[in-house]
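> missing the sequence, but the structure's below:
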């Protein structure tokens, strides 16, 4: 298996790429069978910035032949971005391991 590399300076979490577009964060390699999509649904002020207070987590199959509703494998909501990223990384690892076995 060839080693996957990311561009210098790109964001990663637990070795997987993070890409943000507006209030949506994609976690994982789009070349894999599954990726996680995190949507920031609500934010609260904290000092001079805003922190996510409600985050939707969905594990998506990257198979383009499936309809969008069929592509969603798991979903939940978390109260912090860290909790959302943590559950996304656990679920993503399990899905990718299940697919490869």
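Perfect, I can see it now. Quick caveat: nothing in here was measured; it's all calculated off a predicted structure.
> elements contacting the lengthiest helix in the chain?
Assignment by DSSP state H gives helix 81-100 as the longest helix of the chain. Counting contacts by 3 or more C-beta pairs under 8 Å, 6 or more residues apart in numbering; DSSP states H and E, helix 81-100 packs against strand 24-27, strand 34-46, strand 49-61, strand 72-78. Using the backbone N, CA and C atoms, a C-beta is placed for each residue, glycine as well.
> same thing but at 10 Å, please
strand 12-13, strand 16-21, strand 24-27, strand 34-46, strand 49-61, strand 72-78 (3 or more C-beta pairs under 10 Å, 6 or more residues apart in numbering; DSSP states H and E).
> strand partners of the first one, parallel vs antiparallel please.
In the sheet, strand 12-13 lines up against strand 16-21 (antiparallel) (DSSP bridges).
> what about the partner strand, average pLDDT?
Mean pLDDT, computed over strand 16-21, is 93.
> Could I get the buried residue list for that strand?
Neighbour counts over strand 16-21 (16 or more other C-beta atoms under 10 Å) mark 16-18 as buried.
> Which one of the helices and strands packed on helix 81-100 has the poorest average confidence?
Ranked by mean pLDDT, these bottom out at strand 12-13, which scores a mean of 89.
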